[in-house]
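> please find the sequence and the predicted model below.
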Amino acid sequence: MPAQDRLGRRLIQLYIGLTLYGASSALLVESGLGLEPWGVLHQGLAELTGLTIGVVSIFVGAAVLLLWIPLRQRPGLGTVSNVFVVGLAMDATLALVPDTDALAARVPLLVAGIVLNGVATGLYIAAAFGPGPRDGLMTGLHRRTGRSIRLVRTAIELAVVATGFALGGTVGIGTVLYAVAIGPLAQLFLRVFAAPAASDRSPAVAAGQPEEAILRP
C-alpha cells in the first residue's frame, strides 16, 4: 500500500475510533449501571462543577497530558486528538440518545457501550498515532517507577474510581463488566484493525506501544 494511502487509512481509523470511544462512554452513562473507571471520575466532576461530562473529560485529559512533561512522554497526533474528540463525541451522543429508566433498555445500552468501547480501542490504538493521555500516564509511570503495568494501572484506576464515586459518579455492575471484558475485546479488535506500521518518524507518531497499558501485565 502506498505511504500516502496508508497514512490516510490510519487517520480515518484514528478519528472513527476516537468518535466511537466517546459514543461508547455516553452509552455507559445512559445505561446508569456503572461506568468505566475514568468515566466515574468524569461524571463525579460533572456533578460537582455543573459542566457536561464531555467538557469535564476534555479538561481532565488536558490535565493528565501536563503530567507527561515530568515523565518525559512524547505525545502524538492521536494523543492530542483524544483529549478533544472523545469529549465532544460523548456530549453529542448524550444529546441524541433518549433517557430511559427501563432496565430492559438499560442493559442493552450497557452491553453495546462495552463492546463498542472495545471496537473503538482497537481502532484508535491500531492506528498508531500515539496513546491517549491516560494510557500514556500509565506507561510513563511504569517506565519511571519500574513497577508493572498491571500494578500502575490498578493503582491509578482505584484512585480514580474512589474519587469519582465520592463525588457522585456511578459505580455498578457495568464497572465490573467493563474491567473484565475490555482487555479481551481490545486485544481482539487490535488484531482486526491492525494498520501497516508507519515507515517514518513523523512528529504525528509517538513512540511507545499504548496497547501495553491495556493488554499486558
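Looks like it arrived, so ask away. Residues are numbered from 1 along each chain as shown.
> which stretches in the chain count as helices?
Under the criterion DSSP state H, helices of the chain are mapped to 3-31, 37-49, 53-66, 68-71, 77-96, 103-126, 133-145, 149-166, 173-192, 211-215.
> looking at those, which has the lowest confidence?
Ranked by mean pLDDT, these bottom out at helix 211-215, which scores a mean of 48.
> now the helices of the chain as TSV including mean neighbour count?
(Each C-beta comes from the backbone N, C-alpha and C, glycine too.) Shown next, in TSV, are these (neighbours: other Cβ atoms under 10 Å):
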stretch	mean neighbour count
helix 3-31	20
helix 37-49	22
helix 53-66	19
helix 68-71	13
helix 77-96	21
helix 103-126	20
helix 133-145	20
helix 149-166	17
helix 173-192	16
helix 211-215	19
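> so Thr52 makes contact with Leu88?
No - using Cβ atoms under 8 Å, Thr52 is not in contact with Leu88; the gap is 10.0 Å.
> give the contact list for Val64.
Neighbouring residues of Val64 by Cβ atoms under 8 Å, 6 or more residues apart in numbering: Pro133, Arg134, Leu137.
> can you add distance to Val180 and give these back as a markdown table?
Shown next, in a markdown table, are those (distance: Cβ to Cβ, whole Å):
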| residue | distance to Val180 |
| --- | --- |
| Pro133 | 24 |
| Arg134 | 19 |
| Leu137 | 22 |
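> closest one to Leu103 out of the residues you listed, please.
Nearest to Leu103 among these: Arg134, at 30.4 Å, using Cβ to Cβ.
> contacts only, for the nearest residue to Gly44 once chain neighbours are set aside.
With sequence-adjacent residues excluded and distances taken as Cβ to Cβ, 6 or more residues apart in numbering, Gly44 is closest to Leu167, at 2.9 Å. Residues counted as contacts of Leu167 (Cβ under 8 Å, 6+ apart) are Leu41, Gly44, Leu45, Glu47, Leu48.
> need these in a markdown table with distance to Ala23, can you?
Supplementary listing: these in a markdown table, determined by distance: Cβ to Cβ, whole Å:
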| residue | distance to Ala23 |
| --- | --- |
| Leu41 | 19 |
| Gly44 | 21 |
| Leu45 | 20 |
| Glu47 | 21 |
| Leu48 | 24 |
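> hmm, back to that, can you report phi and psi for the residue nearest to Gly44?
Main-chain dihedrals, Leu167, degrees, to the nearest 10: phi -90, psi 0.
> per-residue pLDDT of it, please?
Note on Leu167: pLDDT of 96.
> I'd like the distance between Arg143 and Leu137.
According to Cβ to Cβ, to the nearest Å, Arg143 stands 11 Å off from Leu137.
> name the residues contacting each of those two.
Contacts common to Arg143 and Leu137, judged by Cβ under 8 Å, 6+ apart, are Leu71.
> wait, isn't Leu35 in contact with Ser24?
No - look at Leu35 against Ser24 with Cβ under 8 Å: they stay out of range, at 10.8 Å.
> look up how far Leu66 lies from the residue nearest to Gly44.
Counting by Cβ to Cβ, the gap from Leu167 to Leu66 is 21 Å.
> with Leu41 instead?
For Leu41, the distance to Leu66 - Cβ to Cβ - is 16 Å.
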